[in-house]
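[1] I'd like to go over a predicted model; first the sequence, then the structure.
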Amino acid sequence: MQTVGGNPGDDRGRPDRSGDRDRGWAGRSGGGDRAGGGDRGRAGGGDRGRAAGDRDRGGWAGADRGRGARGGADRDRGGNRGRDDRDRTGRAPRPGRPAVDLPRQAAYEAIEAVHRDDAYANLVLPGILRDRRLHGRDAAFATELTYGTLRLRGTLDAILSAAAGRDVARIDPQPRDALRLGAYQLLYTRVPAHAAVSSTVDLVRSLAPGATGFANAVLREVAGKDADTWLTELAPSFETDPIGHLACTHSHPEWIVRAFSEALGGDLGETTRLLIENNQPPPVHLCVRPGRADAVKVADQVDGAPGAFSPYAVYLSGGGAPGELAPVQDGRAHVQDEGSQLVAAALAAAELDGPDERWLDLCAGPGGKSGLLGALAAMRGAKLTAVEVAEHRARLVEQATRGLPVTVLHTDGRTVGRDPDLPEQAFDRVLVDAPCTGLGALRRRPESRWRRQPSDLPALTRLQRELLGAALRAVRPGGVVGYVTCSPHVVETHVSVTEAARRSGVPADFVDARPLLPAGMPGLGDGPTVQLWPHRHGTDAMFLAVLRRG
Ligand SMILES: C[S@@+](CC[C@H](N)C(=O)[O-])C[C@H]1O[C@@H](n2cnc3c(N)ncnc32)[C@H](O)[C@@H]1O
């Protein structure tokens, strides 16, 4: 075990599959994922070009409408030549490379990095925007194109396969990503078709000149129908294959649609609403730290609105970089989904007999919930131990909890009973915010739905059971354990909790978690556990089970 100190790290750009849905607080981009309100139409699709406005006034780039997509010759010489050859910074394009406008170039680079390098869009895009000096509307447009294209990849690929007459898997990676970007603009934004086609053709020419004609033909085929018409033709019928239908029309893998449907009791109407919500740009919430500031006052200051449920939540209203807001800079608030606030606060709200002095967060990185729990602990004279196994994330916890009564331990949470800093039966409240698939935060991680696989589940659920077992050993008799995931998959929620409790050999009973959430909160089900939902509560799909040790 090590106690963490020293310089805070920076985990931007590091792939990490640990289910870190709250990473946004540590490094969200200026554009964030806030390109606009979003059209709640069929396959979702973010902001449908609002950021684009009338940016694109080019012609069809010399493209010859009406030819089939299966042509392939390079027939669109001239590309976007009618437009200014200078990019938006006024620089002339590099010799030999056709001009591609900067927001689309930035979006392409981010999408390529996600697919080629396994990067995370929310981590890689801010650097690309910075390098290309994109701000304001241009940054918002690039963000929308990146996130929208990645989210809707499944639907776009089905349409592109049909338009190209071959499986997208057989198209080379660079033109394939460019085509996805072009098809997204054509089908899910208000970018004029001529601009979507010409800019994409320019992009393909710069990446793979030999594929220019093919790309031009495919895009003109895609542009021949709107998204609904394509999906009516391509999606399996709802009557014979409802899961396949929803997966295709709302761009989710089938296994995830099935998992959501199961968690929602087989209600396909609700499942549909969830899928639509998952394709929207997520809201950004602040958690105003109790004892340091008041949410209503902070909401006024940042031009936001107080949250509907969490007394600490502020809903941000516009674009910009939340990390640069004064209350975040000076430690009065941090960026955190309201659902995460609610489950952390619920643990602190559970009644206890006896002492209430030692709290433990067994999976703390990057520190969102430790920040809130630490602030609550400070108000009550309690102390929090925050455990994190990944060193750079332990440093982030240190950074997030500075000035609070929090000790950060860089160690494995399963060492309870073996590590002198993690004795058995020593803590009054314990949080296990377990590593999970993150299926409850798909809005924030546009690529994650395509990366996650059912085969991820066995290792994760084993870790979840072991960590919850360790938490049950760490809590004193009469103390409470909160088990949280940002996945609603029943294997990670109900199955993990019941199995861990059964195998631990520690006597424990479920506490009804519903009264631990704000009074009057709708849609909390029959208890004793709680499942929050984006489409019901506007939060990530957080699961909470509370157990009391006998
Ligand atoms: C879902 S995230 C926690 C998010 C965090 N509670 C917050 O609100 O910011 C799960 C964390 O558990 C950490 N983790 C994974 N295995 C662990 C272990 N065996 N012991 C301690 N931490 C672990 C991961 O590195 C990751 O940071």
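    It's in.
[2] where in the stretch 301-450 of the chain is pLDDT low?
    Applying pLDDT under 70 to the stretch 301-450 of the chain flags residues 319.
[3] Contact residues of it facing the ligand?
    Within reach of the ligand by Cβ under 6 Å from any ligand atom, the stretch 301-450 of the chain has these residues: 340, 363-369, 387-390, 393, 412-414, 433, 435. Any C-beta I mention is one placed from the backbone N, CA and C, and that applies to glycine too.
[4] got it, and the chain?
    Taking Cβ under 6 Å from any ligand atom as the contact definition, the chain meets the ligand at 18-20, 22, 340, 363-369, 387-390, 393, 412-414, 433, 435, 463, 467.
[5] let's go with 5 Å and repeat that
    Residues of the chain that fall close to the ligand, judged by Cβ under 5 Å from any ligand atom: 18-19, 22, 363, 365-366, 368-369, 389-390, 393, 412-413, 433, 435.
[6] For A227, state which of those is nearest.
    G19 (31.4 Å; Cβ to Cβ).
[7] per-residue confidence at that closest one?
    On pLDDT, G19 comes in at 34.
[8] for D202, same thing?
    96.
[9] That one touches A178, doesn't it?
    No - D202 is beyond contact range of A178, at 9.4 Å (criterion: Cβ atoms under 8 Å).
[10] ok, then the element right after the worst-scoring helix or strand of the chain on mean pLDDT?
    Least confident helix or strand of the chain, by mean pLDDT, DSSP states H and E, is helix 24-27 with a mean of 26. Next in sequence after helix 24-27, counting helices and strands by DSSP states H and E, comes helix 102-117.
[11] which residues sit against that following helix?
    For helix 102-117, contacts defined as Cβ atoms under 8 Å, 6 or more residues apart in numbering pick out 87-89, 100, 119-121, 124-125, 128-129, 132, 134, 138-139, 141-143, 145-146, 149-150, 173-174, 177-178, 180-181, 199-200, 203, 447.
[12] which residues in the protein form strands?
    In the chain, the strands defined using DSSP state E lie at 2-3, 285-288, 305-306, 313-315, 333-335, 358-361, 383-388, 406-410, 427-433, 475-485, 508-511, 530-531, 543-549.
[13] Just checking: what are the partner strands of the last one?
    With DSSP bridges as the test, strand 543-549 is paired with strand 475-485 (antiparallel), strand 508-511 (antiparallel), strand 530-531 (antiparallel).
[14] Distance-wise, check V530 relative to T143.
    32 Å (Cβ to Cβ, to the nearest Å).
[15] Between those two, which is the more surrounded one?
    Comparing V530 with T143 by other Cβ atoms under 10 Å, the one with more neighbours is T143, at 33 against 24.
[16] Could you report the pLDDT at the more buried one?
    95.
[17] got it, and W60?
    29.
[18] again with V100
    84.
[19] Likewise for the one 4 residues further on?
    The predicted structure scores R104 at 97 on the pLDDT scale.
[20] Number of residues surrounding it?
    Neighbour tally, R104, other Cβ under 10 Å: 26.
[21] Quick one: the strands paired with strand 543-549 as a markdown table, columns for mean pLDDT too.
    Putting the strands paired with strand 543-549 into a markdown table (pLDDT from 0 to 100) gives the following:
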| stretch | mean pLDDT |
| --- | --- |
| strand 475-485 | 98 |
| strand 508-511 | 97 |
| strand 530-531 | 98 |
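[22] Could you dump those strands into CSV with distance to L325 added?
    As requested, these are exported to CSV (distance: least, Cβ to Cβ, whole Å):
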stretch, distance to L325
strand 475-485, 26
strand 508-511, 36
strand 530-531, 30
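[23] what's the longest helix in this protein?
    The longest helix of the chain (DSSP state H) is helix 457-474.
[24] Quick check: end-to-end length of stretch 246-258?
    10 Å (Cα to Cα, to the nearest Å).
[25] and that stretch, how far from the chain's centre?
    Chain-centre distance of stretch 246-258: 17 Å, with Cα atoms, centre = their mean, to the nearest Å.
[26] Okay, H135 and the ligand: tell me how far apart.
    29 Å (Cβ to the nearest ligand atom, to the nearest Å).
[27] and that residue, how many neighbours does it have?
    Quick note: H135 (other Cβ under 10 Å) scores 13 neighbours.
[28] L409 is in contact with D421, isn't it?
    Yes - contact criterion Cβ under 8 Å: L409 and D421 qualify, at 5.7 Å.
[29] Same drill for the two, tell me which one is more crowded.
    L409 (25 against 14).
[30] Which residue ranges make up each domain of the chain?
    Here the domain parsing of the chain from automatic domain parsing is 2-16+336-549, 29-234, 235-278.
[31] if we compare those domains, which one ends up closest to D294?
    domain 2-16+336-549 (12.6 Å).
[32] got the contact list for the nearest residue to L404 once chain neighbours are set aside?
    In space, and not counting its chain neighbours, L404 is closest to G374: 3.4 Å by Cβ to Cβ, 6 or more residues apart in numbering. Residues counted as contacts of G374 (Cβ under 8 Å, 6+ apart) are 384, 386, 401, 404-406.
[33] Drop anything exposed from these.
    384, 386, 401, 404, 406 (16 or more other Cβ atoms under 10 Å).
[34] In those residues, find the pair that's most separated.
    A386 and L404 (9.5 Å).
[35] Quickly note the distance from the residue nearest the centre of the chain to G339.
    Closest residue to the average C-alpha location of the chain: R444 at 1.8 Å, with Cα atoms, centre = their mean. Computed as Cβ to Cβ, the R444 to G339 distance reads 11 Å.
[36] one step back: okay, buried residues for the longest helix of the chain please.
    457, 460-461, 463-474.
[37] related to what we said a few turns ago, phi first, then psi, for the residue nearest to the centre of the chain.
    phi -90, psi -20 (degrees, to the nearest 10).
[38] Quick check: chain neighbours aside, which residue is closest to it?
    P282 (5.2 Å).
[39] What of L246?
    V257 (5.1 Å).
[40] returning to what we had before: pick the one among the contacts of G374 closest to T485.
    A386 (18.2 Å).
[41] so the closest one makes contact with V408?
    Yes - here A386 reaches V408: they are 4.9 Å apart, a contact under Cβ under 8 Å.
[42] Which neighbours do these two have in common?
    By Cβ under 8 Å, 6+ apart, the residues touching both A386 and V408 are 364, 370, 397, 401.
[43] Could you pull up the contacting residues of the third one?
    When contacts are counted by Cβ under 8 Å, 6+ apart, V397 touches 4, 364-367, 370, 386, 388, 406, 408.
[44] could you flag which of the residues you listed are buried?
    Buried among the contacts of V397 by 16+ other Cβ under 10 Å: 4, 364-367, 370, 386, 388, 406, 408.
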